[in-house]
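> Here you go, sequence then predicted model.
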Amino acid sequence: MLEIMKRTLPYLDEDLWDALNTQPKSQNTTVSELVRAAVRERYFGSRDRRLKAMLAFVGIRKQAADELDAAEIVRGLRRGDRVARRQAT
């Protein structure tokens, strides 16, 4: 998978830099990956939370799809008095 990255330059105070800079060695990663992970967690939420939300949405749409039949909705609109109301205006 091709992943396009954009570069940014955050300004960090000394305490934040020190805390962030000690993690890569203990976690066998990079500062950049730690920053990306923190941004993902903050703005996208955890993977489990996103998956739960997605499954809830899919469940809602599946339920609605079972209840609605597009062809029947169109037939209902055609049977209605919509045309008569349109001609009266």
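Structure received. None of these values were measured; they are calculated from a predicted model. Numbering: from 1, shown residues only.

> So residue 21 is in contact with residue 31, correct?
Yes - counting by C-beta atoms under 8 Å, residue 21 does reach residue 31; the two are 6.4 Å apart. (Each C-beta comes from the backbone N, C-alpha and C, glycine too.)

> Need the overlap of contacts for these two.
Common neighbours of residue 21 and residue 31 (criterion: C-beta atoms under 8 Å, 6 or more residues apart in numbering): none identified.

> Disregarding residues adjacent in the polypeptide, which is nearest to residue 10?
With C-beta to C-beta, 6 or more residues apart in numbering as the criterion, residue 10 has its nearest non-adjacent residue at 7.1 Å, and that residue is residue 35.

> Rounded mean pLDDT for whatever helix or strand residue 76 lives in, please.
Element membership for residue 76, per DSSP states H and E: helix 70-79. Helix 70-79 shows a mean pLDDT of 76.

> Please report how far residue 58 lies from residue 52.
Residue 58 sits 11 Å away from residue 52 when distances are taken as C-beta to C-beta, to the nearest Å.

> what do you get for residue 26?
For residue 26, the distance to residue 52 equals 30 Å [C-beta to C-beta].

> do residue 11 as well
Distance, residue 11 to residue 52, by C-beta to C-beta: 35 Å.

> what do you get for residue 9?
Relative to residue 52, residue 9 is positioned 34 Å away (C-beta to C-beta).

> ok, the two, which is more surrounded?
Higher neighbour count among residue 9 and residue 52: residue 52, with 12 against 4, using other C-beta atoms under 10 Å.

> Tell me which residues touch the more buried one, please.
For residue 52, no contacting residues are found, by C-beta under 8 Å, 6+ apart.

> which element is it on?
Here residue 52 is assigned to helix 47-67, by DSSP H and E.

> Let me know the average pLDDT across that helix.
Average pLDDT, helix 47-67: 70.

> likewise stretch 11-27?
The average of the pLDDT scores along stretch 11-27 is 87.
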